[in-house]
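S.K.: after the sequence you'll find the predicted model.
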Amino acid sequence: MTSHGKTHLPTKLCLTCGRPFAYRKKWRNCWDEVKYCGEKCQRNRPKPIPAGLAQA
């Protein structure tokens, strides 16, 4: 009997901390929309740059 690991699961990079995180079963219906590795990174996500400052 062989053990299957989590190496075959898709991964993404967290937009806040930049660390890779792997697919979870609870994200099966919304994996394309997941951007952050956890609640802490989601709460501390980077602030969007105002439109006037982005062009400067």
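M.R.: Received, thanks. Numbers count the residues shown, from 1 in each chain.
S.K.: where in the protein is pLDDT low?
M.R.: 1-3, 54-56 (pLDDT under 70).
S.K.: how many neighbours does A22 have?
M.R.: 13 (other Cβ atoms under 10 Å). No exception for glycine: its C-beta is placed from N, CA and C like everyone else's.
S.K.: list the contacts for it?
M.R.: K6, L9, P10, T11 (Cβ atoms under 8 Å, 6 or more residues apart in numbering).
S.K.: just the buried ones from the residues you listed?
M.R.: For those, a burial check counting by 16 or more other Cβ atoms under 10 Å picks out nothing.
S.K.: now, which of these lie within strands?
M.R.: Using DSSP state E, the members of those that fall in strands are T11.
S.K.: make CSV from the contacts of A22 and add distance to K35 to it.
M.R.: Output for the contacts of A22, formatted as CSV (distance: Cβ to Cβ, whole Å):
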residue, distance to K35
K6, 20
L9, 17
P10, 14
T11, 13
